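Trainee: missing the sequence, but the structure's below:
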Ligand SMILES: Nc1nc2c(ncn2[C@@H]2O[C@H](COP(=O)(O)OP(=O)(O)OP(=O)(O)O)[C@@H](O)[C@H]2O)c(=O)[nH]1
């Protein structure tokens, strides 16, 4: 796993770069930058896990590089260790106050550098794991409700700003109580996971989001998608579920597992809660109309 972690070494001194690169290479993927501008460019392109950043460089010093890294959403969270010839306690304190994770004074001790790099990379891994746990539903591995709330708000704002369509779909497994009652709760969990996998596979790119809203209800955020495209996508998903033919003999709807879908496409002047309520109302209508169908409210 370590070999996949990327460390960027930014130092204007070729010998320092070389020494650090030689140290790190056996355990990490090492990227090099010879000045601040190159460090910013490489950091934005490769998004390293950690940057060893020389403080005193011509043109742009380490403090300025760090400030610009934090201003760029692609690199805002990258861990930075300052490496500096200025070894006074106040230099170190200034570096940490500026937002560096650590401060190593030159001349450095190779063993200490390696130990600190390993420590910070371990913290990076732990932070990523916590972020993942905070955003992912444990059973279905879809995004969880919290993540949905964040993404829905962001995509709503983006749609308003850019004047692009935004569609929202609520997908609810039909007669799932009967499924659990007949096949048992563990089988219900497996069926729910299968439906979740199907929706995840139907996502067309990184801006589409499939999330577990709660219980056996999933929600899909579909940016840049008008009502026609969204309904076509939902029809594909329902066709996919038909092909999976998950037996559900206790269902009054069909001998296999089916879903009802309610959706809506954003109307002018509508807020996110109203869009959600419209999708929910159409899910209710789909259930009332006999389940196993899609009901959609088009945008205006
Ligand atoms: N196995 C399993 N069941 C769940 C989970 N979450 C919710 N459920 C079950 O989903 C069922 C939902 O029941 P209802 O809300 O009555 O809906 P339904 O039986 O699907 O009926 P309709 O939605 O009206 O078609 C309940 O029996 C819940 O226990 C889960 O994580 N795993």
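Mentor: Cool, got the structure. Because the structure is predicted, anything quoted here is derived from the model rather than measured.
Trainee: quick one: residue 290 and residue 253 touch, right?
Mentor: Yes. Counting by Cβ atoms under 8 Å, residue 253 is a contact partner of residue 290 at 7.2 Å. (Each C-beta comes from the backbone N, C-alpha and C, glycine too.)
Trainee: Those two: who's more crowded?
Mentor: residue 253 (17 against 11; other Cβ atoms under 10 Å).
Trainee: For the more buried one, list the residues it contacts.
Mentor: With contact taken as Cβ atoms under 8 Å, 6 or more residues apart in numbering, residue 253 is in contact with 174, 175, 290, 291, 292.
Trainee: OK, contacts around the second one?
Mentor: It stands for residue 175. If you count contacts by Cβ under 8 Å, 6+ apart, then residue 175 has 248, 250, 251, 252, 253, 291 around it.
Trainee: how does it look with 6 Å?
Mentor: By Cβ atoms under 6 Å, 6 or more residues apart in numbering, the contact set of residue 175 is residue 251.
Trainee: Could you measure from it over to the ligand?
Mentor: Relative to the ligand, residue 175 is positioned 5 Å away (Cβ to the nearest ligand atom, to the nearest Å).
Trainee: give me phi/psi at that residue?
Mentor: Here the main-chain torsion angles of residue 175 (degrees, to the nearest 10) amount to phi 50, psi 50.
Trainee: any residue of stretch 279-294 up close to the ligand?
Mentor: Yes. Using Cβ under 6 Å from any ligand atom, stretch 279-294 reaches the ligand at 287, 291.
Trainee: That should have said stretch 240-255, apologies.
Mentor: No. Judged by Cβ under 6 Å from any ligand atom, stretch 240-255 stays clear of the ligand, getting no closer than 7.7 Å.
Trainee: For that stretch, measure first residue to last.
Mentor: 16 Å (Cα to Cα, to the nearest Å).
Trainee: In contact with the residue in the stretch 101-250 of the chain positioned nearest to the ligand, which residues?
Mentor: For the stretch 101-250 of the chain, the residue closest to the ligand is residue 188, as judged by Cβ to the nearest ligand atom, at 2.6 Å. For residue 188, the contact set (Cβ under 6 Å, 6+ apart) comprises 179, 180.
Trainee: if you set the cut-off to 10 Å instead, what comes out?
Mentor: 173, 176, 177, 179, 180, 181, 182, 216 (Cβ atoms under 10 Å, 6 or more residues apart in numbering).
Trainee: same question, residue 258
Mentor: So residue 258 contacts 173, 174, 175, 238, 241, 242, 246, 248, 251, 291, 292, 293 (Cβ under 10 Å, 6+ apart).
Trainee: Find residues that contact each of residue 290 and residue 253.
Mentor: 174, 260.
Trainee: what are the phi and psi angles of the residue of the chain positioned farthest from its centre?
Mentor: Within the chain, the residue lying farthest from the chain centre (Cα atoms, centre = their mean) is residue 88, at 40.0 Å. The phi/psi pair for residue 88 (degrees, to the nearest 10) reads phi -70, psi 150.
Trainee: how far away is it from the ligand?
Mentor: Distance, residue 88 to the ligand, using Cβ to the nearest ligand atom: 58 Å.
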